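Visitor: What shape does this take:
(4 chains)
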Protein chains: 2
Amino acid sequence: MSVEPQRRSQLVEATITEIGMTGSLNVTVGQIAKRAGVSAALAFHYFGDKDQLFLAAMRHILTIYGAEVRGALAAGASPRDRLNGLIRASFSPTNFRRDVIAAWLNFYVLARRADAAKRLLAIYHSRLQSNLVHDLRPLVGADAADIAQRIGGLIDGLYLRNAINPEVMTGKSAAAHVLAALEREIGECK
Amino acid sequence: MSVEPQRRSQLVEATITEIGMTGSLNVTVGQIAKRAGVSAALAFHYFGDKDQLFLAAMRHILTIYGAEVRGALAAGASPRDRLNGLIRASFSPTNFRRDVIAAWLNFYVLARRADAAKRLLAIYHSRLQSNLVHDLRPLVGADAADIAQRIGGLIDGLYLRNAINPEVMTGKSAAAHVLAALEREIGECK
DNA sequence: TTTTGTTGATTGACTAATCAAACAATCCAT
DNA sequence: ATGGATTGTTTGATTAGTCAATCAACAAAA
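Guide: Sure, this is the predicted structure:
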């Protein structure tokens, strides 16, 4: 009956919360550990250093996001349905929480320094791209890749806008905007 | 014959460069001052504290961006021309430099803590929005505001993508993508 | 007893901000 | 012109504080 997984999970959750509070990676391991109800030394014991703790937190966020997306894709019958589900999942309350978005924002910043973060981000990007392309191709053929770039970029951009102004750009309206853009992209406009 | 403006300018440039190097706000005033060829104390003397130095740097970036946009808008004859110019200006080499994008990224992060940064960012957002709406209205009428949200969001999103992967998403291709999205949005798709 | 889990104490490196003083250019009175 | 005061510019040294990371030691369970 090891407590290790529990402690790790506590620390990961605390990391996300703490980043959400300060809005930056400028949180001490001490603050995180305190929130998790353990000592700072334990965080180092389990994760080695601060960066790896952050990365574990992002992996956790990506895992949840990935599971939700897979669920939405599995539930959709047609390509249209699956795209719809994919977009809605991206903006679901779970992934669109204030602190999760703050973590994402700082993840992008970290990705410029830390290679491990860059790799993790690349995985997210290429998965999103291939998910989009997979269901766009039956609808638009060769344009799928380009359209996927734009839809993916729009998702990221609206995330960013929400991070700054959650009242103006809510999760609901962001999803509606992406769906509207998708409409325009796949509408047979000759 | 005061040298103050020159020193301020040196420090602002050095701030942008230094943030571009490390990719984060985690640069010491000492590093910035060293690059500017002055002492750290002088940076404090002129700017008060670190945040204000960074804000001065962002104001500088926004000023240049604003001037370029105004130029592009003035040069365009039709709404279509002006939108085209606005988008191209947003992705011009000046505004799409590696270190400038790094500054933007960290600006978004700072805006969650510092009110002054949040206000500055709000000014950028509302200017972009109103510029877009102004020239979209003649083309699409009541949809202008919504479309402007999407185009603005896409611009921000593609910025973000370039920050991570400048080879895949270049300034040129980002501008092309936004223009393509604009096409789809204003194309009379009946 | 051994293993596993946990911590308090400590350290060494680093940092924002301050301050008194040095330096340089300009001005004014003689 | 000349010397002394004035003002603006710049820095080295210092302060007061923070933080990541380590480690020896303690507690509990097996």
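
Visitor: Test my guess that residue A:55 contacts residue A:116.
Guide: Yes: using Cβ atoms under 8 Å, residue A:55 is in contact with residue A:116, at 5.7 Å. No exception for glycine: its C-beta is placed from N, CA and C like everyone else's.

Visitor: So the two - more neighbours on which side?
Guide: residue A:55 (20 against 14; other Cβ atoms under 10 Å in any protein chain shown).

Visitor: From residue A:62, how far off is that one?
Guide: Separation of residue A:55 from residue A:62 (Cβ to Cβ, to the nearest Å): 10 Å.

Visitor: which residues are common contacts for the two?
Guide: Contact criterion Cβ atoms under 8 Å, 6 or more residues apart in numbering or on different chains; residues shared by residue A:55 and residue A:62: residue A:120.

Visitor: Tell me the residue of chain A that sits nearest chain B?
Guide: residue A:157 (2.7 Å; Cβ to the nearest Cβ).

Visitor: residues contacting that residue?
Guide: By Cβ under 8 Å, 6+ apart, the contact list for residue A:157 reads B:152-160.

Visitor: Looking at those residues, which are in helices?
Guide: B:152-160 (DSSP state H).

Visitor: Just the buried residues of the helix or strand encompassing residue A:132, please?
Guide: Per DSSP states H and E, residue A:132 falls inside helix A:115-140. Across helix A:115-140, burial judged by 16 or more other Cβ atoms under 10 Å in any protein chain shown covers A:117, A:120-121, A:124-125, A:128-129, A:131-137, A:139-140.

Visitor: And stretch A:83-95, by the same measure?
Guide: Buried-residue list, stretch A:83-95, by 16+ other Cβ under 10 Å: A:83-92, A:95.

Visitor: what's in contact with that stretch?
Guide: For stretch A:83-95, using Cβ under 8 Å, 6+ apart, the contacting residues are A:61, A:64-65, A:68-69, A:71-73, A:75-76, A:100, A:131-132, A:135-136, A:151, A:155, A:158, A:171-172, A:174-175, A:178-179, A:182.

Visitor: Run a quick neighbour tally on whichever residue of chain A sits closest to DNA strand C.
Guide: Of all residues in chain A, residue A:41 sits closest to DNA strand C, at 3.1 Å by Cβ to the nearest atom of the strand. Residue neighbour count, defined by other Cβ under 10 Å, stands at 11 for residue A:41.

Visitor: The one 5 residues further on now?
Guide: Residue crowding around residue A:46 was assessed by other Cβ under 10 Å; the count is 16.

Visitor: Just to check, it is in contact with residue A:11?
Guide: Yes: the criterion here is Cβ under 8 Å, and residue A:46 meets it with residue A:11 at 6.6 Å.

Visitor: can you map out the helices along chain A?
Guide: A:4-22, A:29-36, A:40-47, A:50-75, A:79-90, A:98-110, A:115-140, A:144-164, A:171-186.

Visitor: and the last one, average pLDDT?
Guide: Rounded to a whole number, the mean pLDDT of helix A:171-186 is 96.

Visitor: go on, the fifth one?
Guide: Computed over helix A:79-90, the mean pLDDT rounds to 96.

Visitor: Measure how it sits relative to helix A:50-75, angle-wise.
Guide: Angle of helix A:79-90 versus helix A:50-75, following axes from the mean of the first three to the mean of the last three Cα atoms, to 10 degrees, is 150 degrees.

Visitor: and the angle for helix A:79-90 with helix A:115-140?
Guide: 150 degrees.

Visitor: per-residue confidence for residue A:100?
Guide: 96.

Visitor: That one: what's it in contact with?
Guide: A:16, A:20, A:61, A:94.

Visitor: one more time with 7 Å
Guide: A:16, A:61 (Cβ atoms under 7 Å, 6 or more residues apart in numbering or on different chains).

Visitor: Kindly report the same for the one 3 residues further on.
Guide: Residues in contact with residue A:103, defined by Cβ under 7 Å, 6+ apart, are A:16, A:19-20, A:57-58, A:61.

Visitor: among those residues, which ones are buried?
Guide: A:16, A:19-20, A:57-58, A:61.

Visitor: Residue A:31 - nearest residue in space that isn't next to it in sequence?
Guide: residue A:18 (5.5 Å; Cβ to Cβ, 6 or more residues apart in numbering or on different chains).

Visitor: Would you agree that neighbour is in contact with residue A:29?
Guide: No: using Cβ atoms under 7 Å, residue A:18 is not in contact with residue A:29; the gap is 9.7 Å.

Visitor: For the two, indicate the residue with more neighbours.
Guide: Shown here are residue A:18 and residue A:29; by other Cβ under 10 Å, residue A:18 has more neighbours (23 against 20).
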